[in-house]
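Undergrad: just need the structure, nothing else, for what follows:
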Amino acid sequence: MPEHLTIVDHPLVQHKLTLMRDKGTSTAGFRQLLREISHLLAYEVTRELKMTTRNIETPLTELDAPVLAGKKLALISILRAGNGLLDGILDLIPSARVGFVGLYRDEETLQPVQYYFKVPEGLEDRLVIAVDPMLATGNSSVAAIDLLKKAGAKDIRFLCLLASPEGVAKMKEAHPDVPIVTASLDQKLNEKGYIVPGLGDAGDRMFGTK
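TA: Numbering: from 1, shown residues only. Below you'll find the model as predicted:
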């Protein structure tokens, strides 16, 4: 397994992912499962956050207790499907700054086309976590990370639900300094650039669109 890739094999993650893969799972069920699984993935992607201490008083004594250090981290949703992961992570880190990268895939070329970009200031001083459920061809993910680096981001992590070997390789080639955290490394891409076995189009399944 590539060094820059972390697969979260926790039993709850894998169980919920199986339910999400099932084509019989409803839109509401899919959305709820995505929110739940994002909590568990967020636990892994934030494992090495920098810490400091703050003096507090418990009901019994005074204590120098651990707290997060530095500026609040930035969560960047790659629209539109990224919002499903974003919502769940914000449950755990409600004070995080939030940005959005709007990219859609040209179905002819499979290349990303940018239509929106709005991110917090001071990315160079923040841990930046980019979220998108699917790392498929890697084209959109690479383009999003390109934009974040141009905006000043230096410490970036990429969080996805599923990844393809092709997407992981593409990201490593373009951005070897960006660790990837995912729930599964699937088998391959099909001729249309979809992950197999995958779970279909995450955005369509989350929002009930076709």
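
Undergrad: OK, contacts around residue 104?
TA: Residue 104 is in contact with 112, 113, 115, counting by C-beta atoms under 8 Å, 6 or more residues apart in numbering. Using the backbone N, CA and C atoms, a C-beta is placed for each residue, glycine as well.

Undergrad: mind checking the SS state of residue 48?
TA: Three-state assignment for residue 48 (DSSP: H, G, I helix; E, B strand; the rest coil): coil.

Undergrad: residues near it, how many?
TA: A count of nearby residues for residue 48, using other C-beta atoms under 10 Å, gives 10.

Undergrad: give me the pLDDT for it.
TA: At residue 48, the model reports a pLDDT of 84.

Undergrad: so where is this protein shaky, pLDDT-wise?
TA: Scanning the chain for pLDDT under 70 picks out 1-3, 110, 210.

Undergrad: grab the longest strand from it for me.
TA: When the chain is parsed with DSSP state E, its longest strand is strand 97-105.

Undergrad: neighbouring strands of it in the sheet, and parallel or not?
TA: Counting by DSSP bridges, the strands paired with strand 97-105 are strand 74-79 (parallel), strand 112-118 (antiparallel).

Undergrad: list the buried ones in it?
TA: By 16 or more other C-beta atoms under 10 Å, the buried positions in strand 97-105 come out as 97, 99, 100, 101, 102, 103.

Undergrad: thinking the second one is in contact with residue 118, fair?
TA: Think residue 99. Yes: with contacts counted by C-beta atoms under 8 Å, residue 99 reaches residue 118, the gap being 6.0 Å.

Undergrad: coming back round to it: can you put the strands paired with strand 97-105 in a markdown table and add distance to residue 208 and mean neighbour count?
TA: As requested, the strands paired with strand 97-105 are exported to a markdown table (distance: least, C-beta to C-beta, whole Å; neighbours: other C-beta atoms under 10 Å):
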| stretch | distance to residue 208 | mean neighbour count |
| --- | --- | --- |
| strand 74-79 | 17 | 25 |
| strand 112-118 | 22 | 13 |
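
Undergrad: redo those strands as CSV? Include distance to residue 172.
TA: Formatted as CSV, the strands paired with strand 97-105 follow (distance: least, C-beta to C-beta, whole Å):
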stretch, distance to residue 172
strand 74-79, 18
strand 112-118, 18
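
Undergrad: correct me, but residue 67 touches residue 53?
TA: Yes: contact criterion C-beta under 8 Å: residue 67 and residue 53 qualify, at 6.7 Å.
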